[in-house]
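Participant: Fold the following.
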Amino acid sequence: AAPVRTTAAYANPRAKPSHGHVPQTKIPQALPPLGGIDTTWRHRVPQKPRFPSSKRCQSRLPVSIRSDDTGFRCENPVRTAKKHSTVLTPPESPASHATNSSTTQDFNDSSTGLAEKTQNPLPCAQTVTMTMQLPHVTLSYRGSSSTSSSLKGQFRLYRGAYVQLPFDPSSAKPWDIWKSIALARIIASVQQGDPTPLVVGTSALLLHDAPGWIANPNVELYQPKRRTSQHIPPCRCAAKPVPAVRRVYRRGPPITSERARVSGILTEHPYDALIRCAMHDDALQAFALGCRVLHKWSGFSNFSQDVCRGRAENIRKEILSRLERAKGRRGFARARRILSAIDPGCSNPAEAALTWVVRALCPYDFSTQYEFSAGGRPLFADIAIPRLKLIIEFDGIEKLGSTQGEFDRAKRSWVQREQALQDQGWRFLRVNWLDFNDWSELRRRINSAIGVASKPIPARYALLWEPPSERCDGEGRRFRGHEWNGSDVGWT
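Facilitator: All right, here's what the predicted structure looks like:
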């Protein structure tokens, strides 16, 4: 790991201040690295704290912590038995991260389903370390303002927290702004925690570049003692509103003792985070997260589906084996149904949501990214039910391009492709973002297209359906086309 440069001035609580002079003490060791994060503390004169969590014993002088951790490592705090390990570098997936980040992971032993398994379990916790570009967050306290030199050019996240986004907010897409603000809220919550909290659940997966159906998620931290959730106020970034969320403390411990570190921020293992979501979050959110992580971790590609789906099945087996440790707990059976049904062929939350609805209604086998051949070139359908010769596709704005020329070319290709498949006897059912505003109507349309089935829907599929709650699909959780001013597209 790269060395950490630390400049600090701390006061000795036992020394008496004289004429505003603050005695200097040298820090015996470097603070833990917090990649890409600056922290500025501004406090009153030093005095003995009343409570252990008080920071009043610190000086008014700033403490800046900055680390660029570009190495990848697996940390083992103590010596363990000799083990076999496999290092896997997953292939790059299409860039979808709001911060244009490049992510590399060094998986060791049981942190991936593709690694060789050991005969004896490891007696100590392991940490998987990865590096990615995160928003630059600065915390400031008494006496500072947004016009000070250290905060110039930064966006006010909420009182005492400022963020510098890795792009120009005035020209950025709304969903990129929401995602970067969600990451910044996680970083600020970790920086303000005393002691430093463990990031879990949806927040942990978001740090691992795995967003779910909720575009504006709560911040989830592990806290074994009961603690009231905290309100994080709304904000505006380049005249684009970002709704309020809550800082939620989860009392349930992670499934395993393995941890992951993302640019200095400690999270529970991504497999454990997915299991937590499958056990306790809405079925829609858990299913979308599961499809996203399988797609990412397997390096899914339409042109090598057999290999990628094989990797995805190995990852699924590892996740389900971890889930067995939670047998008997609330949500175990539900999590097993969801994790057994997630599909690596869904490249975005909308395709995952559509697959979730179809899976709960269709008694027949279907395939995502189903391959056809028409005119000597391969074609792929989002969802295909071969027995019914039915294709169900999601039409997102990314498929149509960003310019008029790209839109015209995409429309011509779209019409030619649909005509070629209709000549082969296939039927089409198209779904867009606005259809997700009425789940009952969407289910009715899909059920009508499937028709009267010759066999009942298996219970393990039918029980996947749960009406989305307000915390998952309510106001301020995702985009809705009629709510965003200045937008001419029909996304939600």
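Participant: Kindly export the helix or strand where residue 179 lies (C-alpha atoms) in CSV.
Facilitator: Assigned by DSSP states H and E, residue 179 falls within helix 174-192. Extracted C-alpha coordinates of helix 174-192, given in CSV (Å, rounded to 0.1, in the frame of the first residue of the first chain):
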residue,chain,number,x,y,z
PRO,A,174,-29.6,13.0,-12.9
TRP,A,175,-29.0,9.3,-12.0
ASP,A,176,-25.2,9.9,-12.0
ILE,A,177,-25.7,12.8,-9.5
TRP,A,178,-28.0,10.6,-7.3
LYS,A,179,-25.4,7.8,-7.2
SER,A,180,-22.5,10.1,-6.4
ILE,A,181,-24.5,11.8,-3.6
ALA,A,182,-25.4,8.4,-2.2
LEU,A,183,-21.7,7.4,-2.1
ALA,A,184,-20.8,10.7,-0.6
ARG,A,185,-23.4,10.2,2.2
ILE,A,186,-21.9,6.8,3.0
ILE,A,187,-18.3,8.3,3.2
ALA,A,188,-19.5,11.2,5.4
SER,A,189,-21.3,8.8,7.7
VAL,A,190,-18.2,6.7,8.1
GLN,A,191,-16.0,9.7,8.8
GLN,A,192,-18.4,11.0,11.4
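Participant: For residue 231, which non-adjacent residue is closest in space?
Facilitator: Using C-beta to C-beta, 6 or more residues apart in numbering and skipping residues adjacent in sequence, the residue nearest residue 231 is residue 246, 6.0 Å away. Just so you know, the C-beta spots here come from the backbone N, C-alpha and C atoms, and that holds for glycine as well.
Participant: Now for the one you found: which residues touch it?
Facilitator: Residue 246 is in contact with 218, 219, 229, 230, 231, 232, counting by C-beta atoms under 8 Å, 6 or more residues apart in numbering.
Participant: Quick check: the gap between the third one and residue 310.
Facilitator: Same thing as residue 229. Using C-beta to C-beta, to the nearest Å, one gets 41 Å for the distance from residue 229 to residue 310.
Participant: likewise the first one?
Facilitator: Per C-beta to C-beta, residue 218 is found 35 Å from residue 310.
Participant: Looking at these two, which has the bigger crowd around it?
Facilitator: residue 218 (20 against 13; other C-beta atoms under 10 Å).
Participant: Enumerate the positions of stretch 164-175 that are buried.
Facilitator: For stretch 164-175, the neighbour count (16 or more other C-beta atoms under 10 Å) marks 164, 165, 166, 169, 172, 173, 174, 175 as buried.
Participant: Kindly present these as TSV, with separate columns for distance to residue 341 and pLDDT.
Facilitator: Putting the buried residues of stretch 164-175 into TSV (distance: C-beta to C-beta, whole Å; pLDDT from 0 to 100) gives the following:
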residue	distance to residue 341	pLDDT
164	40	87
165	36	86
166	35	82
169	38	86
172	34	87
173	31	86
174	31	87
175	26	86
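Participant: just the helices in the protein please.
Facilitator: 174-192, 201-207, 270-280, 283-297, 305-323, 332-341, 349-361, 404-423, 439-450, 459-462, 470-473 (DSSP state H).
Participant: worst average pLDDT in those?
Facilitator: Among those, helix 404-423 carries the lowest mean pLDDT, a mean of 76.
Participant: Using CSV, write down the CA coordinates of that helix.
Facilitator: These are the backbone C-alpha positions of helix 404-423, laid out as CSV (Å, rounded to 0.1, in the frame of the first residue of the first chain):
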residue,chain,number,x,y,z
GLN,A,404,-30.8,12.3,-33.1
GLY,A,405,-28.6,10.4,-35.5
GLU,A,406,-28.0,7.6,-33.0
PHE,A,407,-31.8,7.5,-32.4
ASP,A,408,-32.6,7.2,-36.1
ARG,A,409,-30.0,4.4,-36.6
ALA,A,410,-31.3,2.6,-33.5
LYS,A,411,-34.9,2.9,-34.6
ARG,A,412,-34.1,1.4,-38.1
SER,A,413,-32.1,-1.5,-36.6
TRP,A,414,-34.9,-2.0,-34.1
VAL,A,415,-37.6,-2.3,-36.8
GLN,A,416,-35.5,-4.6,-39.0
ARG,A,417,-34.7,-6.9,-36.1
GLU,A,418,-38.3,-7.1,-34.9
GLN,A,419,-39.5,-7.8,-38.5
ALA,A,420,-36.9,-10.6,-38.9
LEU,A,421,-38.0,-12.3,-35.7
GLN,A,422,-41.7,-11.9,-36.4
ASP,A,423,-41.1,-13.7,-39.8
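Participant: Which secondary structure elements does it sit against?
Facilitator: In this structure, helix 404-423 makes packing contacts with strand 367-374, strand 377-385, strand 427-431, judged by 3 or more C-beta pairs under 8 Å, 6 or more residues apart in numbering; DSSP states H and E.
Participant: Need the winner for burial among those strands.
Facilitator: Comparing the helices and strands packed on helix 404-423 by mean neighbour count (mean count of other C-beta atoms under 10 Å), strand 377-385 ranks first with a mean of 18.
Participant: for that one, what is the average pLDDT?
Facilitator: 91.
Participant: can you check stretch 427-437 too?
Facilitator: The model assigns stretch 427-437 a mean pLDDT of 93.
Participant: From start to finish, how long is it in a straight line?
Facilitator: End-to-end span of stretch 427-437 (C-alpha to C-alpha, to the nearest Å): 24 Å.
Participant: these two touch, right, residue 198 and residue 268?
Facilitator: Yes. With contact defined as C-beta atoms under 8 Å, residue 198 reaches residue 268; the gap is 6.2 Å.
Participant: Please enumerate the shared neighbours of these two.
Facilitator: Counting by C-beta under 8 Å, 6+ apart, the residues touching both residue 198 and residue 268 are 222, 254, 259.
Participant: The second one and residue 272 touch, don't they?
Facilitator: When you say that, I think you mean residue 254. Yes. Contact criterion C-beta under 8 Å: residue 254 and residue 272 qualify, at 4.5 Å.
Participant: shared neighbours of the two, which are they?
Facilitator: residue 200.
Participant: which of those two has more neighbours?
Facilitator: Neighbours were counted for residue 254 and for residue 272 using other C-beta under 10 Å; residue 272 has more, 26 against 23.
Participant: measure stretch 258-271 end to end?
Facilitator: By C-alpha to C-alpha, one end of stretch 258-271 lies 10 Å from the other end.
Participant: start at 58 instead
Facilitator: With the count now opening at 58, the last piece we talked about shows up as stretch 315-328.
Participant: quick one: low-confidence parts of the stretch 108-257 of the chain?
Facilitator: 108-183, 185-190, 198-210 (pLDDT under 70).
Participant: If we use 90, what do you get?
Facilitator: 108-213, 215-233, 250-252 (pLDDT under 90).
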